[in-house]
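**Student:** sequence first, predicted model second:
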Amino acid sequence: MRLLICAVGRLKAGPERDLVARYAERLNASGRSLALGPLDIIEIDESRARRPDDRKAEEADKLLSAAGQASIIALDETGNSPGSEAFAAKIAGWRDSGTQSLAFLIGGADGHGDAIRSRAILSLSFGKMTWPHQIVRILLAEQLYRAATIIAGHPYHRV
């Protein structure tokens with residue numbers, strides 16, 4: 001099952017980009033035998049529209065276009081906050097039911113447009129706190145890698 005992170009904005013060279021790349025590499029190496037991956041990261045430019053609703057709609061169109069036919073998971077502060085094991089079980093369940101690809105969408109500063117919310121099979125949150133989008137990418141990449149290790153029974157995840 002192919003995995004995508006589609007995000008508004010671009011990470012500059014530096015420690016954030018390096019961490020995302022490190023977890024993506026780990027996932028791609030360990031996920032192969034689990035039918036998970038590869039993990040691809042697609043960045044889109046922020047909208048320059050003046051009104052927040054227009055920005056959200058424009059960014060939603062670009063994110064959905066980048067995701068293609070993948071099943072959509074929207075990262076959203078109002079979403080569900082499953083534990084790592086429950087998250088891994090969801091991913092394994094989608095894989096086992098024949099889902100070809102999952103796209104995790106990270107919106108811009110104004111959040112997601114209605115088009116994404118209506119198409120998402122899951123709205124996912126990393127808690128009530130507000131996180132910079134760069135850190136959300138790191139958290140997501142790490143949790144995807146952690147999910148693969150949980151599915152594989154690897155000791156990386158300890159309770």
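**Tutor:** Right, received. Where do you want to start? Numbers count the residues shown, from 1 in each chain.
**Student:** residues in contact with the residue nearest to the spatial centre of the chain?
**Tutor:** Centroid check for the chain by CA atoms, centre = their mean gives F104 as the closest residue, at 3.0 Å. F104 makes contact with L3, L4, I5, C6, I73, L75, L124, L140, L144, according to CB atoms under 8 Å, 6 or more residues apart in numbering. C-beta: built from backbone N, CA, C; applies to glycine.
**Student:** filter those residues down to the ones in strands?
**Tutor:** L3, L4, I5, C6, I73, L75, L124 (DSSP state E).
**Student:** re the thing from before, distance of the residue nearest to the centre of the chain from G153?
**Tutor:** 24 Å (CB to CB, to the nearest Å).
**Student:** same check, this time on G37
**Tutor:** 17 Å.
**Student:** so for the two, which sits in the more crowded spot?
**Tutor:** Applying other CB atoms under 10 Å to G37 and G153 shows that G37 carries more neighbours, namely 20 against 7.
**Student:** would you check that the more buried one makes contact with E25?
**Tutor:** No. Here G37 lies out of contact with E25, judged by CB atoms under 8 Å, at a distance of 10.3 Å.
**Student:** need the strands for the protein, in chain order.
**Tutor:** Counting by DSSP E, the strands of the chain are 2-8, 39-44, 71-80, 101-106, 120-124.
**Student:** list the contacts of the nearest residue to L27 once chain neighbours are set aside.
**Tutor:** Nearest residue to L27 in three dimensions, chain neighbours excluded: Y145, at 4.4 Å (CB to CB, 6 or more residues apart in numbering). Contact analysis of Y145 by CB under 8 Å, 6+ apart lists Y23, A24, R26, L27, S30, Y156.
**Student:** tell me which two in those residues are the farthest apart.
**Tutor:** Farthest pair in these (CB to CB) is A24 and Y156. Separation: 15.3 Å.
**Student:** residues near the nearest residue to G127 once chain neighbours are set aside, how many?
**Tutor:** Nearest residue to G127, sequence neighbours excluded (CB to CB, 6+ apart): S81, at 5.8 Å. A count of nearby residues for S81, using other CB under 10 Å, gives 12.
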